[in-house]
Every structure is written in structure tokens, then in C-alpha cells.
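S.K.: prediction below, plus the sequence it came from.
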Amino acid sequence: MFAFFHDLPAVVLGFLIVLASIGYSVAGIAVIGRVEPPETRHTYNDIVGFVIAVVGVVYAVLLAWAAIAAWETHDRAEMAVEREASLVADVADLAEGLGATGVAIRAEAAAYVETVLSTEWDAMTSGERPEAAWAAAEAMRALILTHQPANGAETLVQDHLLDQVTALIDARRDRLYLADYGIHPVIWSVIVLGTLLIVALSFFFGLERRRHQVLTSILAVSVALVVFMIVELDRPFMGDMAVDPEMFRLIAERLAAGAPA
């Protein structure tokens, strides 16, 4: 829903959100001041305070849940990438125990890492679902399954390699799922509408105009900054806070140098 915002630098997006929050607060109080003067609104400050307290608790629970969910998804994506990269390295290293077949498996592992870095990562940062590295993953599995062990040691290596490449494919599926994962648009609609409403309720306090604008702006900016954090974390492979493929880069360098991954 907010894919456009992920294209903006986080500093710029944060500044725009703060500016919009202050503008909304100042404009809202100016409009409500024309409809009803502070002297009249002052008489029901207690009622407005009670309504804000009740609505605020409900909204705070939703906002906290969304923030925690986005944070946990981001952490899960980081762990999935690290696990996937580690499994590729394990497959490449174990393949050395299968002779000529192992050389082919190691070459496919290097191709897999290179494809993830050169093609798939850009696709994920653009909000697309990558498919390019499936060929290398399936090629590794096919080479392991069709290998004819020459002795008991190769049989053990083959069994362990099959477990590792299966775990690698599972980790890959997890990464691809998380690349598509995000807070549902309906929930985002509730978050945005709730933010506007909770700030709008504060317009009805009867206070001196300048003080009223300052206090309402502080409320609006505080809530908007939490929403900004959720936007940045919502898509773990997009934006300035996106998960970094550093582990894949390190493994690519070691494989290119012929060293243990």
C-alpha cells in the first residue's frame, strides 16, 4: 500500500510526515476556531478529555501491535537471509566430498549466490517476487539425487547434502514469503484513519490558540513518528531500513576465491 514511500529516503519521508502532522494540527485548530470559539469549547474540556482517553487506549493497542508485528517481521527476514546464506555455504563446502559431482554442485551454489545478489535482491527492493535463483537451487538438488556414491563416505556426504539443500530451499521460500509480506491494507486504513481522528479529537479542547496548536502538534508528531517507523519496517526488503545481503556478498567472495565458504 505504501510502496511509493519506500522509494523516498527515510530522512525525507520522516521530515514530510512531521511537516504534514504539524500542518494538519495548525489547520485543524484554525478551522474549528472559526466554527466555535475557545470560550465555548472550554466548557466541555472534561468530556473531550474522557473521549480521547477511551479512544486513545484502543488506538494505542492497535498501533503497538502493528509496530511489534512490523519489527518482528523485519527481524525474521534478517534471520531468514542469514540462514539461507549459511546453508548455501554448507552445501558448497560439503560438496567437496563428492568428487566431480561436488565441483558441479559448488559451481551451482556460486551461481545461486550470484543470482540472488545480481537479480533477486533488486526485484525484492522493487516489491517484486523473484524467481531467478530457483534454477540453480533445483540443479543442486538434481546433482545430489543423481550422484552414484563410490563408497560409504560419499553416501554419508550425499545424505547430509540432501538435508542441507532441502533446508536451503525451505529458507528460500521463507525469504520469498517475507518479501511479499506486509500489514494488510485494511489495517493500514484503520491506522491512518485512527491517527487523523485521534488528533482531530484534540481540536475540540478549549485553549488559547497558540498553546493549543503547540500541544496538538506534539500529539500529532508523536503518533505520526510511530506510524513512520511502521512504514519503514513493514516491508523488510524495501526502503532505507531494508535487510542487507551482506552474508551473501561474503560467501560470493569466498566462493570466487576458491576458499571454504
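M.R.: Ah, there it is. What you see is a predicted model; the values in this text were computed from it and never measured.

S.K.: use CA for all of it now, contacts and neighbours both
M.R.: Will do.

S.K.: list the buried residues of the helix or strand containing Ala30.
M.R.: In this structure, Ala30 sits in helix 10-35 according to DSSP states H and E. Going by neighbour count (16 or more other Cα atoms under 10 Å), the buried part of helix 10-35 is 10, 13-14, 17-18, 20-22, 24-26, 28-29, 32-33.

S.K.: what's the next secondary structure element after it?
M.R.: helix 38-41.

S.K.: residues contacting that following helix, please?
M.R.: Outside of helix 38-41, the residues within contact range by Cα atoms under 8 Å, 6 or more residues apart in numbering are 204-209.

S.K.: could I get the residues you listed as JSON lines with neighbour count?
M.R.: Compiled in JSON lines, those are given as follows (neighbours: other Cα atoms under 10 Å):
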{"residue": "Phe204", "neighbour count": "24"}
{"residue": "Phe205", "neighbour count": "23"}
{"residue": "Gly206", "neighbour count": "20"}
{"residue": "Leu207", "neighbour count": "17"}
{"residue": "Glu208", "neighbour count": "12"}
{"residue": "Arg209", "neighbour count": "14"}
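
S.K.: and which of the residues you listed is nearest to Ile105?
M.R.: The shortest separation between Ile105 and any of these is 68.7 Å, and it belongs to Phe204 (by Cα to Cα).

S.K.: can you tell me the closest non-neighbouring residue to that closest one?
M.R.: Of all residues beyond its chain neighbours, the one nearest Phe204 is Arg41 (6.3 Å), with distances taken as Cα to Cα, 6 or more residues apart in numbering.

S.K.: burial measure for the one you found, as a count.
M.R.: As a burial measure, Arg41 scores 17 neighbours (other Cα atoms under 10 Å).

S.K.: do the same with Leu94
M.R.: The number of residues near Leu94, taken as other Cα under 10 Å, comes to 19.

S.K.: pLDDT score assigned to it?
M.R.: According to the predicted model, the pLDDT of Leu94 comes to 91.

S.K.: name the element it belongs to?
M.R.: helix 45-94.

S.K.: just checking, next helix/strand downstream of that helix?
M.R.: Downstream of helix 45-94, the first helix or strand assigned by DSSP H and E is helix 99-115.

S.K.: state the mean pLDDT of that next one.
M.R.: Average pLDDT, helix 99-115: 93.

S.K.: now what about the helix or strand that that helix is followed by, what contacts it?
M.R.: Going down the chain from helix 99-115, the next helix or strand is helix 121-125, by DSSP H and E. Residues from elsewhere that reach helix 121-125, judged by Cα under 8 Å, 6+ apart: 129-130, 179, 237-239, 242, 245.

S.K.: which helices and strands does the helix holding Ala30 pack with?
M.R.: Judged by 3 or more Cα pairs under 8 Å, 6 or more residues apart in numbering; DSSP states H and E, helix 10-35 is in contact with helix 185-202, helix 209-234.

S.K.: okay, the angle between it and helix 185-202?
M.R.: 50 degrees (axes from the mean of the first three to the mean of the last three Cα atoms, to 10 degrees).

S.K.: state the mean pLDDT of helix 10-35.
M.R.: Taken as a whole, helix 10-35 carries a mean pLDDT of 90.

S.K.: hang on, the earlier thing: looking at the helices and strands packed on helix 10-35, which one is packed in the most?
M.R.: helix 209-234 (a mean of 19; mean count of other Cα atoms under 10 Å).

S.K.: ok, and what's touching the very next helix or strand once past that helix?
M.R.: With elements assigned by DSSP H and E, the helix or strand that comes after helix 209-234 is helix 246-256. With contacts defined as Cα under 8 Å, 6+ apart, helix 246-256 is touched by 81-82, 85-86, 89, 110, 113-114, 116-117, 260-261.

S.K.: much appreciated, bye for now.
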